[in-house]
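Asker: Let's see this in three dimensions:
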Amino acid sequence: MITEQIALVSRPKGFPTLNNFKFEDIELPDIQADQVLLKGWYYSVDPYMRGRMNDTKSYSPPFQVNQPIEGGVIASVVESKSGHFKPGDVVLGMLPWRKDIIASEKDIHQVDIKIVPAGYYLGILGMTGLTAYFGIMHIGKPKATDTVVISGAAGAVGIVAGQIAKIQGCRVIGITGSDEKVKTLIEEFGFDGAINYKTEIDIQKAVAALCPNGVDIYFDNVGGEISDAVINNLNFYARVVLCGQISLYNTIEAPMGPRIQPMLLTRSVLMQGFIVSNFQSQFPEGISQLGKWVKAGKLRFTETIIHGFDQLPTALLELFKGKNTGKMIVEA
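Answerer: The predicted structure is shown next:
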């Protein structure tokens with residue numbers, strides 16, 4: 001059968017453009033034993049994908065030029081030669097950006113969309129939720145008296161991380177990019193305060209004003225000048241959870257910032273970078289606890305859903321412009 005895919009046609013220098021992507025028709029082979037034919041339903045777009053567009057060594061191998069982009073995909077089984085799946089099953093896997101996909105049974109697992117909406121498995125009950133959970137609980141180690149600041153707070157991970165910190169009894173302040181998102185964080189997700197970094201003249205002073213007792217945990221999704229400002233407000237024995245650096249992903253040359261080592265040293269601060277797969281053996285723990293909080297109504301989630309398979313590259317680019325609130329998903 002003929003299907004459409006989206007390939008990386010060139011590696012971007014700086015901010016990606018639509019010219020880095022190519023739509024093309026390909027012919028799929030017949031499925032073999034232990035394989036299934038899938039119809040793509042929901043496709044995840046995530047900040048880490050920008051790093052994979054570069055030909056550099058990292059925790060995930062780079063995308064190959066003239067090969068399809070791949071990411072988290074929710075799909076339905078159309079045809080099966082696997083004993084584990086039947087037509088109509090809904091599955092999740094790290095799969096290529098194709099409308100129709102042939103996958104090995106070992107590369108997918110079934111999800112139950114009767115419990116929660118399908119998109120939740122790309123978000124709050126998937127890598128997004130797990131990233132927030134392990135970052136806050138295992139690295140941040142929150143106490144009820146802590147003040148927590150989260151950058152990129154209206155993004156998929158930030159929204160969940162803030163709510164988890166609130167569940168632990170912390171005071172939570174978010175940093176985001178619009179007045180509307182400030183309102184959403186406070187009114188819908190229970191943040192104690194939020195800062196619009198685009199309108200604040202002095203972010204360091206804004207953080208100090210909302211965190212009069214200093215910052216105990218900084219969950220960093222952004223890096224750059226925002227992180228410089230927060231780090232200057234850290235308390236003794238603070239923990240910096242280094243989750244992402246989205247403000248730097250599209251820079252050609254990394255800007256020089258303050259030397260933070262003296263601050264870390266003199267205030268006995270822990271800064272730890274991580275990726276969610278570091279905690280793979282503990283995923284059942286994380287999924288179980290996230291599920292309980294969702295069921296109890298303690299943990300809420302939001303999605304920005306873009307419609308149309310052909311909108312995948314645009315959705316990815318808009319992620320870096322802060323166009324999303326919560327998880328960015330493309331519905332085919």
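
Asker: Show me this protein divided up by domain.
Answerer: Listed domain ranges for the chain are 2-123+302-331, 127-277 (source: automatic domain parsing).

Asker: Include mean pLDDT and distance to W293 when you put these into CSV, please.
Answerer: Using the backbone N, CA and C atoms, a C-beta is placed for each residue, glycine as well. As requested, the domains of the chain are exported to CSV (pLDDT from 0 to 100; distance: least, C-beta to C-beta, whole Å):
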stretch, mean pLDDT, distance to W293
domain 2-123+302-331, 93, 12
domain 127-277, 94, 7
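
Asker: Compare those domains and give me the one nearest V294.
Answerer: Of all the domains of the chain, it is domain 2-123+302-331 that lies closest to V294, at 6.8 Å by C-beta to C-beta.

Asker: Distance of the residue lying closest to T131 once chain neighbours are set aside relative to V116?
Answerer: Leaving out its chain neighbours, the residue that sits closest to T131 by C-beta to C-beta, 6 or more residues apart in numbering is V276, at 4.5 Å. Noted for V276: a distance of 19 Å to V116, by C-beta to C-beta, to the nearest Å.

Asker: Likewise for D192?
Answerer: In this view, D192 and V116 are 27 Å apart by C-beta to C-beta.

Asker: cool, and I2?
Answerer: Distance, I2 to V116, by C-beta to C-beta: 34 Å.

Asker: Please apply the same query to Q261.
Answerer: 43 Å.

Asker: Contact partners for S277?
Answerer: By C-beta atoms under 8 Å, 6 or more residues apart in numbering, the contact set of S277 is Y59.

Asker: One more: the one 5 residues further on?
Answerer: If you count contacts by C-beta under 8 Å, 6+ apart, Q282 has them with F134, H138.

Asker: now it: how far from L265?
Answerer: Going from Q282 to L265 by C-beta to C-beta gives 30 Å.

Asker: Over to Y237?
Answerer: With C-beta to C-beta as the criterion, Y237 and L265 are 13 Å apart.

Asker: which of I2 and V116 has more neighbours?
Answerer: Neighbour count, other C-beta atoms under 10 Å: between I2 and V116, V116 has more, with 17 against 9.

Asker: Okay, and the more buried one sits in which element?
Answerer: Here V116 is covered by no helix or strand, with elements defined by DSSP states H and E.

Asker: Give me the residues contacting stretch 127-146.
Answerer: Identification of contacts with stretch 127-146 by C-beta under 8 Å, 6+ apart yields 46, 72, 122-123, 148, 156-158, 160-161, 164-165, 168-171, 216-217, 219, 239, 241, 243, 270, 272, 274, 276, 278-279, 282-283, 286-287, 289-290, 327.

Asker: And those, which of them are buried?
Answerer: Neighbour counting over the contacts of stretch 127-146 (16 or more other C-beta atoms under 10 Å) leaves 46, 72, 122-123, 148, 156-158, 160-161, 164-165, 168, 170-171, 216-217, 219, 239, 241, 243, 274, 276, 279, 286-287, 289-290, 327 as the buried ones.

Asker: Do you have the strands of the stretch 151-300 of the chain handy? List them.
Answerer: Assigned by DSSP state E, counting those that start in this stretch, the stretch 151-300 of the chain shows strands spanning 171-176, 193-196, 215-220, 234-242, 270-273.

Asker: Figure out which of these is closest to N54.
Answerer: Nearest to N54, of those and by C-beta to C-beta, is strand 270-273 at 17.8 Å.

Asker: Next, count neighbours for F134.
Answerer: 22.

Asker: helix or strand for it, which one?
Answerer: Going by DSSP H and E, F134 is part of helix 127-134.

Asker: still on that earlier bit, got a markdown table for the domains of the chain, with distance to V294 too?
Answerer: Formatted as a markdown table, these follow (distance: least, C-beta to C-beta, whole Å):
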| stretch | distance to V294 |
| --- | --- |
| domain 2-123+302-331 | 7 |
| domain 127-277 | 9 |
